[in-house]
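J.: All I have is the shape, not the residue letters:
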């Protein structure tokens, strides 16, 4: 009868093993997944960054659900390299074509001073709440922790902010800030689903906090019952990782643009009009910004507000939900965000169209010029102040 040593020797002859140095390069390759096959108590004491944890005993029954693509590069490790070797062989037998086992495992990795983290553990209640996220390999426990640590600011608790905030709260975004200085009015209830009839006359931020807290007690809802202006925009935005913009006037949009560019914070922009809406992402570090798309506002007669022109009540639900998706993609670094792309929706035709948004070479309000950008109240044509002179 073969001994464990014999089985291990035979197994290692059939798989590909790599050193910790090679594994360190392979794990950051596009599409690669680092797979930890140790037991839960071992994983909780320390693991490779963003590792997918599947204990060896449940690997065969779990892997295809969490990593459905059989050509996914898998870097498999355990404590010392034994369990990962057997795991690699099982994975190849299941049809996975790009699998390596790390010689020396986590123990050697840690001894060599390589990067590792202590995974934050979800509670039993959180594991149940976010179960459908945990089943997604692109999210998993690591991604859910990133959502719980994220801080998102909503500009407005109105038509666009309502569905976006509700879905991000449900998804487990840990801190949601809401800035709005209005009160709930009966005319809001046709589209602003954060609020209800019993809250008419309440401050919108307070009504929003009640709704979001009832959806998910994990979420810390921070209210800003103030007018957003040049005196506070930098201090408020700097508390957050990204902004979801549901504003409906050009001076505020340009003000937010200039502050977000100066801070390097992405803005998920949405707007609605009658039966149409659009969504895009302004990432000042990686693409065009609002001033690239709209160098100056159109004449007032060509851009009436929703209160003047009306809006289909369901429309902000669609656009706000798309904003929520883009926010999650930015938080988790998933997919292809709408950076440099404008997604336009026509509810009457039930069609989506995509347009390119180019960087305007004449626009000086850029992240590269961030230290010279001056934040000021913007009226009239919303033109920025001239950039400050560079230091002598």
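T.: Arrived safely, thanks for sending. Source: prediction; values computed, not measured.
J.: List the buried residues for stretch 228-236?
T.: 228, 233, 236 (16 or more other CB atoms under 10 Å). Any C-beta I mention is one placed from the backbone N, CA and C, and that applies to glycine too.
J.: Quick one: mean pLDDT for the helix or strand encompassing the last one?
T.: Element membership of residue 236 [criterion: DSSP states H and E] is helix 233-237. In this model, helix 233-237 has a mean pLDDT of 96.
J.: Centre of the chain to that helix, how far?
T.: 20 Å (CA atoms, centre = their mean, to the nearest Å).
J.: Check stretch 325-337 too.
T.: 4 Å.
J.: With stretch 165-182 instead?
T.: With CA atoms, centre = their mean, you get 13 Å for stretch 165-182.
J.: gap between the two ends of it?
T.: Chord length of stretch 165-182, first to last residue, is 17 Å (CA to CA, to the nearest Å).
J.: what does the next helix or strand after the helix holding residue 236 rub up against?
T.: Where DSSP H and E defines the elements, the next helix or strand beyond helix 233-237 is strand 242-245. For strand 242-245, contacts defined as CB atoms under 8 Å, 6 or more residues apart in numbering pick out 150, 152-156, 160-161, 164-165, 168, 237, 253, 256, 260, 265-270, 323-324, 327, 330-331.
J.: Among these, name the ones in strands.
T.: For the contacts of strand 242-245, the ones inside strands are 152-155, 267-270, with DSSP state E as the criterion.
J.: Quick one: end-to-end distance for stretch 355-372.
T.: 31 Å.
J.: One more: stretch 28-45?
T.: First residue to last in stretch 28-45 (CA to CA) measures 22 Å.
J.: Just the residues contacting that stretch, thanks.
T.: Contacts of stretch 28-45 (CB under 8 Å, 6+ apart): 26-27, 47-56, 59, 67, 72-79, 83-84, 87, 106, 118-119, 121, 137.
J.: quick check: mean pLDDT across that stretch?
T.: 94.
J.: Show me which positions of that stretch end up buried.
T.: 32-38, 42-43.
J.: in which helix or strand would I find residue 101?
T.: strand 99-102.
J.: Can you name the next helix or strand after that strand?
T.: Strand 99-102 is succeeded, C-terminally, by helix 105-111 (DSSP H and E).
J.: Just the buried residues of that following helix, please?
T.: 105-106, 108-110.
J.: Going by distance to residue 210, which of those residues wins?
T.: residue 106 (45.3 Å; CB to CB).
J.: wait, residue 342 sits on residue 292?
T.: No - at 11.1 Å, residue 342 does not count as touching residue 292 under the criterion of CB atoms under 8 Å.
J.: For those two, list the residues in contact with both.
T.: Joint contacts of residue 342 and residue 292 (CB under 8 Å, 6+ apart) are residue 357.
J.: what about these two, which has more around it?
T.: Taking neighbours as other CB atoms under 10 Å, residue 342 and residue 292 compare with residue 292 leading, 20 against 17.
J.: which residues does the residue lying closest to the more buried one once chain neighbours are set aside contact?
T.: Nearest residue to residue 292 in three dimensions, chain neighbours excluded: residue 360, at 4.4 Å (CB to CB, 6 or more residues apart in numbering). Applying CB under 8 Å, 6+ apart to residue 360 gives the contacts 288, 291-292, 295.
J.: re earlier: may I have the strands that pair with the strand holding residue 101, each with its orientation?
T.: Paired neighbours of strand 99-102 in the sheet (DSSP bridges): strand 17-18 (parallel), strand 74-77 (parallel).
J.: pLDDT of that strand, averaged?
T.: Across strand 99-102, the per-residue pLDDT values average to 97.
J.: hmm, back to that, could you give me the PyMOL syntax to select whichever of the contacts of stretch 28-45 are buried?
T.: To isolate the buried members of these in PyMOL, using 16+ other CB under 10 Å:
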select buried, resi 26+27+47+48+50+51+52+53+54+55+56+59+67+72+73+74+75+76+77+78+79+83+84+87+106+119+137
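J.: quick one: which of the contacts of stretch 28-45 sit in strands?
T.: Using DSSP E, these in strands are 52-53, 74-77.
J.: For my notes, please list the buried residues of stretch 228-236 in a markdown table and give distance to residue 372 for each entry.
T.: As requested, those are arranged in a markdown table below (distance: CB to CB, whole Å):
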| residue | distance to residue 372 |
| --- | --- |
| 228 | 22 |
| 233 | 17 |
| 236 | 22 |
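J.: ranges for the helices of the stretch 51-200 of the chain?
T.: With helices called from DSSP state H, counting those that start in this stretch, the stretch 51-200 of the chain shows them at 59-66, 82-93, 105-111, 124-129, 131-134, 140-149, 161-171.
J.: Need the winner for burial among these.
T.: helix 161-171 (a mean of 24; mean count of other CB atoms under 10 Å).
J.: what distance separates that helix from the middle of the whole chain?
T.: 13 Å.
J.: Now do that helix: which elements does it pack against?
T.: When contacts are defined as 3 or more CB pairs under 8 Å, 6 or more residues apart in numbering; DSSP states H and E, helix 161-171 packs onto strand 151-155, strand 175-179, helix 204-215, strand 242-245, helix 315-332.
J.: Repeat the analysis, applying 7 Å as the threshold.
T.: strand 151-155, strand 175-179, helix 204-215, helix 315-332 (3 or more CB pairs under 7 Å, 6 or more residues apart in numbering; DSSP states H and E).
J.: Tell me where the model's unsure across this structure.
T.: 299-308, 379-381, 392 (pLDDT under 70).
J.: And the residue nearest the centre of it?
T.: residue 331 (2.2 Å; CA atoms, centre = their mean).
J.: Tell me which residues touch that residue, please.
T.: Residue 331 sits next to 146-147, 150 when contact means CB atoms under 7 Å, 6 or more residues apart in numbering.
J.: between the helices and strands packed on helix 161-171, which one is nearest to residue 373?
T.: strand 151-155 (19.0 Å).
J.: which residues are in contact with that closest one?
T.: So strand 151-155 is contacted by 161, 164-165, 168, 173, 175-179, 228, 236-237, 239-247, 256, 327 (CB under 7 Å, 6+ apart).
J.: Give the pairing partners of it; include direction for each.
T.: strand 175-179 (parallel), strand 242-245 (parallel).
J.: The longest one vs helix 204-215, what angle?
T.: What that stands for is strand 175-179. 160 degrees (axes from the mean of the first three to the mean of the last three CA atoms, to 10 degrees).
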